[in-house]
Structures are given as C-alpha cells and as structure tokens.
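**Q** Here is my input, please return the structure:
(chains A and B)
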Amino acid sequence: MKLPVQLKRLGQWLASAHIVFWTMPWLMILIVLGTVSQKELGLYVAVEKYLNSVIAWLGPIPTPGGITVIAVIFVTLSVKFIFYSGWSWKKSGIHLSHLGVLLLLLGGLVTSFTTKEGFMIIPEGQRLNNFADYQKRVVNFVEDDKIIKQIDFEEIARQQEFQTEGLTIKIIDFCYNCEAQAPSGKYEDLQGLAANMELFSVPNEKNIEANFSGLIFEVTDASSTELLGTYIVMEDIPKNPIIDDVEIILTRAKTPLPFSIQLNDFEKINYPRTQKAKEFQSSLTVLDGNLSWPALISMNKPLRYKGYTFYQSSFDEINGREITVLNVVKNQGRYFPYISTFVIFLGLALHLVMRTRGRKS
Amino acid sequence: MNKIFLLFLCFFLYATPAKSAKTMDLSAWNSLPVLHEGRMKPLDSFARLYLKTFLDKNKIDNLNAQEWLAETIFTPDIAVNRAVHFSRYKNLKGAYYNYQELGGIIFEEQEAIKKLIKIPINQQTAEQQELVRLHENFILHSQLLRSMTALLPLDLKGDGTIKNYLYYLAKDNIDAIQEKLSIIEKGGANNVLLRIIPTAEGAPPENWRSPWEAITDQANTPYVQALEQIATAYVAGNQEIFNQKIAVLQTLYHNPKLKVEIIYNKLSLIFVSSVFFILTLCFASFSNFLKNKNKKEIWYKLSFIFLGAGLISLTLYICFRVYLLDRPPVGTLYESIIFVALVCVAGFWFMALRQKEDTSLLLGGISGLLLLVTAQAFVGADTMSTLVAVLNTNFWLTTHVLCISIGYGLCLITSLMAHYALIVRKTYDMIRPIKTMAILSLLFTTIGTILGGLWADQSWGRFWGWDPKENGALLIVLWLIWLLHSHISKHLDRTTFVIGAAFLSIIVILAWFGVNLLNVGLHSYGFISGVAWGIAIFCIAETILIALLSWRYYRKGAA
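**A** Down below sits the predicted model:
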C-alpha cells in the first residue's frame, strides 16, 4: 500500500523543526502573559485565561491558547519521533530526549484527565472520610440527616426555576463570592437568615478557594402555588433554611474516600526560641475496615494510600483546638515526570557525549 | 512614647567605665555562643550582623563591630551617643543618627508608623519602607542597649561622696529611684535578643536565655552571676576578671562550629575572591594585548593562577557555609548568586585549562566579579539564617536547587561566550563551543525544572502549577529549545543563533530575579524589593549592547 503523496508531505511538514520555530515563541509569550497577569488576576484566573485554555483572548482577538500550542507540539513531536526519526546511533541522544519530552507531555495529559484534587479540614480528635473540592459547590436537600437531592451550584445558578419535593424553587439571585449586608427591602416575605441580611456579589478572590457563594430564592408550594417565602442560603453557614423538614445546604462538593482519617495531634515545631516554623506535622490514624494504623504527615513527607496522597497544606486553631488542613490528590499520571526526567537526562547527556566524541574523531 | 525619653535618661544611671571599649581585649568574649534566629552562633557574628543591619558597615568611628557591641551592651550610657544609624529618610544626602536622634524621628512619625505596619511591604513606597526599617532598627537597638541592664552596676552614689549618697537615700528621692528602676525593668521585659545564658551545662539551644529572661525566671544560676561579673569587670576595665569569668561561660557549650565561624568571619573570602578576579582581569587583558609570545605566556599563566585562586577561595567560602549551616549551599537568593558565580568561574577556568586561551580567563574574571558585586546588593538579607519549613529539606535543596543554579550559571557562560564571539566577530570559530554549552545548559535547566516539579509533587501534590518561578525556569528551557531547533531548521543562521544565545542573559536574569518582583505564588519567599530598577536597567543595557554588537557585526562582516 502506498501512502498518498499529500499525506506524506503533511507528515514531513509536521515533523520538521519549522513548527518549533513558530510555536515556541508563542508559547513563551503566553507564559509571560500568564505569569505577569497573575499579579492582577491571581494564579487561577491567569492560568485559565492564557495557559489552561484552547483559545486565549487578547482583548477581542482570539489567539491559540496554551492547550492548543502544547497539543500542536505534542502532535508534531509524535509524528517526528515515530515516522521521521532517522534512527541511528549518532542521534540516539536526541531520540531519547524527544521520547522523554513526549512522556512528560503524555503525563500532563493523563494528569489533566484523571486528577482529583481537594482538601480536608480535620480538627484534633475527629475523623473524616471525604474531601472537599476547591471550587465546585453543590446544593444539598437534606431530610432526616440524609441527602435526598443534590444539585450543582453552577447548574442551579443557570436554571431559573425547578421543582423538588412538592416545592417550586425560583432562583432570584446568586453570587460566587458574596458579601452579606443589611436587607435593602427589595424582596418580600423574607424568611430565616434573609430577614436580617441580603447577599451582594463582590469580585472573586484571587485565591479562588476563598470565595464564599450564596443563593437568594423564592419558594412556592407546587400544588397550591402559595408563596412560602424568600430565603437565602450561604456556604458553610450553620443556619440554613428548613422548609417542610427539608434543610437546604450550600456546601463544597465532597468526594468520599474508601477509608477514614483521624487527626490525633497537630504540631508546629519552631526553630529554638523563635516563631519561625521548622516543621508542621499531623499525627493521624488511618482507618480502613477493621484495620487501623498510625501515620505521620509533615512538610515534604506526604501520606500515600490507595492511590490518594495527603499533603500538609495548612493549619488553624479555633477555640484552642488545633485543626489541620490536608491537600488530597489522586493522580494517575504522577509517575510520568519521574520517568521522563530520567529519560531526558540520559538523552541529553548521551547527545553531549556523542557530540564531544564526534569532534575528537 | 514619652516613656522613650525617660528610658534615655535611665541609661545615665549607670556607672561610667574606667576604660573604653578600644582598650579591652575582647577575643575571648567574641567566641561566646549566643542563640540567635534559631541557631547557635558566636558573639562575633552577632555583632557583625547588627552593625551591618544598622549602618551597613563593618566599623563605626574607630571601633570594630565587636567593640561596638560590647560598648552597646555594657555601657549603654555612652553607646546612646554613637551615631550608628544611617538613613536617607526625608534627607536625600543621608545622615548619621545616634539612638536618641533616631528615637526623635520615630517619635515624630509614630502615627505614620502605626498605619504603615498594617500595609504589606510590597505596597509601600521606598520612603515608607525606609521608615519601617528605621522603626525596626530602633526597636532592635533599644533591645541591644537594654539587654544587660539588669546586671550592670548602678552608679547611685553620684560623685561618690557621703553627701550625695544621703541625698539619694532621702525619702523624696527613694520614690524617684524606684520609678527609675521600674522603668528599667519595663524596658527589660520581653527583651530576648541576647540569649547568652544556658539553664544548665550542655543545655540544648532552646534552653538558652537572655539576661532579663534569666532574672525574670529567678534563675540566679552561677552563669548569671558570671555574666554579672563580666559586666562589672568590663565597666571597671579589669581584663583579668573579665577573661576569667568568660572562661566559666565558655565551658558550658562545646561546638567546633563556633571557632570555625569566627575564622569564616575573619577571612572575608568574598572580598579575597573579588581581589583575585580583579587581578585576573588585569593580567588577562594585558596578555590579550601583548603580541610577543613569551611575554604573553607569563601574563597568561599568572592570570590563570589568579582565577584558580579566586575559584578556590569562593569554593572555601561555600564549604564553610555548608559546614556551619548544615545544609546545601543554596537556600536564599544571595547564596544562589554566590553559587552561580562559582559555576561561571569554574566553567571558564576549565575552558582555559583545556584551550589555553586568555579569553576564557577574561570572561571568568568578568563573570565572577560582576556576580559578586551583584551579590552585595543582597548581602543585607544574608543573616545565615534558618530556612522556612518547606525549604528545610536537604534532598531537594541539593538536587533541584543546585541543578537549576548550575543551569543558570551555564546559561550565563553561554551568553558571555556569545557576547565575546560578537565582539571579536568570530561566530564561525565559536559556534560549536557555544552550541555545546547551550546543550549543556539545556540539560541542567531542564532537569532542574522537572526536579522542581517533582519536589512540588512531593510536598504540595501537584507537578506543575504555573507558578511564576516555575514559568521563569520553563522560559529558559523553551528559549534554548527554540534556539537549537531553529538553527537546525535554518530559520536562524550562525550569526542569529549567536545573537539569540547572547540574549540568554536577559532571560536568565528575568527568570532568576524578575519573577520574585511579582511577589505571587508559592515561591515568593525569595521576595526582593528595590531591585526592579536594577533589572530594568540591565535588560535595556543588554538589549542595546547586543543590538550594537550585531549591527557592527553585520556592517563589518566576520573577522
């Protein structure tokens, strides 16, 4: 079978270093933009805008975003590596380095599709078997301590009206980052928390997880269409609206863990007679089924179990009780960089050796 | 604030010394250990650090740092008149201030200071930062002046006559004395700067106390008494008892590091290295100008030896620090500059060794000297301090940080070689070594960057987070990849490749220092201020220089 000439040409074009000449500078510009704008936008938004995007909008002009550029580099490098490498000993260093870069990019791909990330806040002496999402929020309808319905906050914010448990809920307003102020008097029949305060949208925090979402909604009886009142619900506030024994809770999305973690003790160890921390560590007990065993997490020393990794991220003290904040990550692609470092190192070192030897001979 | 002025007064209650600081032999005193910023260090280092903090100098009037410290803590009544603070605050020419004058400024600006303390440092103007610095230094100086006040002999007798003594004992004055004593006591409370007394022999660092702490704990141990006698002996000018009592304290803590640190302080290896680099520069340029081969040889050899000597002294400096701090050589921005200087000098020295060319020596001297001078801008922050928790890991500090620092150094070598190739218009001869260095730089920066990602994966749970410092390192890698590939694809010819390699210096400086100016992200512990101008001027000057060199190259053609 003969490859059509056009396909062959396309392959050759894709495999040439021309593409590197054009894509690299653009990637560098995107990185500079994505870095400098962090000062103004915060890391998350800046990265989403320029690097973690297919299209990067520079004002009104659409340009290729970081994902597009990296995808192009990945495709051309793959074509070059597989079809046009011109395998030879002399070039083995280059082949190896290219393989290493491919592995690195592949790892990035796997990571971006499989990573689950979140955090756990555990007070001393308590245990937890789930972790919270940094950004995603959900609205839970709880009856007798059981979640009878769960809706994404994003979805609820988009919808105007929906029915559940014989109630019609109409969203009046929502905010991703709310500030509570005295009621302005523009809504009627205010119930619960809403009687004392009203939510106003404020700009998102640079530190995206510090946002505080909220909803204002009107509830009517679905059958009698009688107005039951206007309510507000706000993230992580203990006083939630209860309508017909159904409590409405706005909270971060939680992912269950197949085991529990209990915090026995959190410790901040300072350098002798200073306030400067030398070490932060959490003494834990991992409980899985009937088994339990002690574990210790400290800076640079995470706990790994069943594909999940727990990192010491922060701490706090509330009412004299210490609280640890652990970052939780499940990432299938985490071994790729380890392998690719080794491969790239080997490749570049080999290339250098070949190069200096080649000159001598 | 009025209390500050009462506190000035109380220093005059103390006995005036029989001898000045200059005439006492302090060598034994200087080797006494003190717990400072989480680390045991000799008083020698402690003294140097504070004089440097206040005055940015190693001497004041005719006193060295150690004599100044002794004067400050043992005879505060004299020390308050020593103009140890220098500032350009509201005074462009700058002026020297003593403790009382500085107190005056702080008193006048107290409302402004109260507001400033709440503003993050990166949002303050240069003048506001200076005021905050003065305020901090005033507090530190107050603590130093009062650190021993609990143990100093009081001069309550006035001129020593019975009449005066009775005058003080008169009922009206007892209240006055009591008030003064209570002011002294208040001034001493929470004064924990000079932690010089252990609770027991061989006590661990966390059990070392300042004189005021020791007294507040009512731990009137033999060591407190010894210190009291040291103070009395100093004031009385009694060298014999002074040394005797110091010997008592010296037996309490044994660590060879203290002695090594004093040697390290005395050697001033950075100064020594700079001198060697200057000598290298002079001799190598002389050799470069000479035509006679035999004469050339002598100058070349001498400059080769000088660069080698500079390399050795810089290596020694770094080895001293590794031993003293018990950690790999690069943990702060200052240390990274010194280490990159070592990489550059070593690189050029080995090139000279192989190729016997005075050019490499010239470039080695220039790079070493420039980097050491740059390091001086950051030396103020170099307290040989302990590291924040996330950095306190020897494995990653060795692998990632050293790898990326070597990468920075190699990039600078590549860039300097490219500059030289443009100056002498010999891109044809030099493209091969420049390319080899570029590949070597690529090796170290790439591995260093990925290792950084692995560290992040180990400690924060993500390999790559687009943090400014990571992006900076990535920019260098991408620039190198772009140069090498575009040369292969013939988009860049020999000359444009060399010009591109020359620009590496700007990329490295931006990645190394520039991203710290953003002060965002997890790497912001390397925060610097006031360096923005330096970076901007460097980048503009470099761009103009490279542009001029390229223009000249294209006009005149290859040599």
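
**Q** Quick check: phi and psi at the residue in the stretch 451-559 of chain B that chain A sits nearest to.
**A** Each residue of the stretch 451-559 of chain B has a distance to chain A, by Cβ to the nearest Cβ, and the smallest belongs to residue B:489, at 3.4 Å. In short, each C-beta sits where N, CA and C put it, glycine included. In this entry, residue B:489 is assigned phi and psi values of phi -80, psi 0 (degrees, to the nearest 10).

**Q** who's in contact with the residue nearest to it when sequence neighbours are not counted?
**A** Of all residues not flanking residue B:489 in the chain, residue A:17 sits nearest, at 3.4 Å (Cβ to Cβ, 6 or more residues apart in numbering or on different chains). Residue A:17 makes contact with B:485-486, B:488-489, B:491, according to Cβ atoms under 8 Å, 6 or more residues apart in numbering or on different chains.

**Q** got those as JSON lines, with pLDDT, neighbour count and secondary structure columns?
**A** Converted to JSON lines, these look like this (pLDDT from 0 to 100; neighbours: other Cβ atoms under 10 Å in any protein chain shown; DSSP: H, G, I helix; E, B strand; the rest coil):
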{"residue": "B:485", "pLDDT": "92", "neighbour count": "18", "secondary structure": "helix"}
{"residue": "B:486", "pLDDT": "92", "neighbour count": "22", "secondary structure": "helix"}
{"residue": "B:488", "pLDDT": "86", "neighbour count": "14", "secondary structure": "helix"}
{"residue": "B:489", "pLDDT": "85", "neighbour count": "15", "secondary structure": "coil"}
{"residue": "B:491", "pLDDT": "90", "neighbour count": "16", "secondary structure": "coil"}
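
**Q** can you put these in JSON lines and add distance to residue A:343?
**A** Written out in JSON lines, the entries for the contacts of residue A:17 read as follows (distance: Cβ to Cβ, whole Å):
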{"residue": "B:485", "distance to residue A:343": "19"}
{"residue": "B:486", "distance to residue A:343": "24"}
{"residue": "B:488", "distance to residue A:343": "21"}
{"residue": "B:489", "distance to residue A:343": "24"}
{"residue": "B:491", "distance to residue A:343": "27"}
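
**Q** Give me the residues contacting stretch B:344-363.
**A** By Cβ under 8 Å, 6+ apart, the list of residues contacting stretch B:344-363 from outside reads B:277, B:280-281, B:283-285, B:287-288, B:296, B:299-300, B:303-304, B:307-308, B:310-311, B:314, B:364, B:367-368, B:371, B:409-410, B:412-413, B:416-417, B:420, B:433.

**Q** Quick one: distance of that stretch to the chain centre.
**A** Its chain's C-alpha centre and that of stretch B:344-363 lie 29 Å apart, by Cα atoms, centre = their mean, to the nearest Å.

**Q** Could I get the buried residue list for the helix or strand hosting residue B:341?
**A** Under the criterion DSSP states H and E, the helix or strand holding residue B:341 is helix B:333-355. Of the residues in helix B:333-355, those buried by neighbour count under the rule 16 or more other Cβ atoms under 10 Å in any protein chain shown are B:333-349, B:351-352.

**Q** swap in stretch B:217-234?
**A** Applying a neighbour-count criterion of 16+ other Cβ under 10 Å, the buried positions in stretch B:217-234 are B:221, B:223-224, B:226-234.

**Q** Also stretch A:181-193?
**A** Of the residues in stretch A:181-193, A:187, A:190-193 count as buried by neighbour count, 16+ other Cβ under 10 Å.

**Q** out of the residues you listed, which one sits closest to residue B:197?
**A** The closest of these to residue B:197 turns out to be residue A:193 (Cβ to Cβ; 57.7 Å).

**Q** tell me the SS of the closest one?
**A** Secondary structure state of residue A:193, per DSSP: H, G, I helix; E, B strand; the rest coil, is helix.

**Q** Hmm, it is touching residue A:239, no?
**A** Yes. Look at residue A:193 against residue A:239 with Cβ atoms under 8 Å: they come within range, at 5.5 Å.

**Q** Would you confirm that residue A:267 belongs to a strand?
**A** Yes. Under three-state DSSP, residue A:267 sits within a strand.

**Q** who are the neighbours in contact with it?
**A** Contact partners of residue A:267, counting by Cβ under 8 Å, 6+ apart, are A:279-283.

**Q** again, only this time at 7 Å
**A** If a contact means Cβ atoms under 7 Å, 6 or more residues apart in numbering or on different chains, then residue A:267 has residue A:281 as its contacts.

**Q** who's it bridged to?
**A** Residue A:267 forms beta bridges with residue A:281, as assigned by DSSP bridges.

**Q** What confidence value was assigned to it?
**A** Note for residue A:267: predicted pLDDT of 88.

**Q** Ok, residue B:159 next?
**A** The per-residue pLDDT reported for residue B:159 equals 48.

**Q** Distance from the chain centre to stretch B:306-324, please.
**A** That offset, for stretch B:306-324, works out to 16 Å (Cα atoms, centre = their mean).

**Q** Okay, buried residues for it please.
**A** Under the neighbour-count criterion of 16+ other Cβ under 10 Å, stretch B:306-324 has B:306-311, B:313-315, B:317-318, B:320-321, B:324 buried.

**Q** just to revisit the earlier point, format the buried residues of stretch B:217-234 as TSV; extra columns: secondary structure, distance to residue A:334 and pLDDT.
**A** What follows is the buried residues of stretch B:217-234, written out as TSV (DSSP: H, G, I helix; E, B strand; the rest coil; distance: Cβ to Cβ, whole Å; pLDDT from 0 to 100):
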residue	secondary structure	distance to residue A:334	pLDDT
B:221	coil	55	76
B:223	helix	53	84
B:224	helix	56	85
B:226	helix	58	88
B:227	helix	56	88
B:228	helix	60	88
B:229	helix	62	90
B:230	helix	58	91
B:231	helix	60	89
B:232	helix	65	88
B:233	helix	64	90
B:234	helix	61	89
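
**Q** isn't residue A:78 right up against residue A:101?
**A** No. No contact is recorded between residue A:78 and residue A:101 when judged using Cβ atoms under 7 Å, the distance being 10.3 Å.

**Q** In the stretch 1-150 of chain A, which residue sits nearest chain B?
**A** In the stretch 1-150 of chain A, no residue comes nearer to chain B than residue A:17, which is 3.4 Å away by Cβ to the nearest Cβ.
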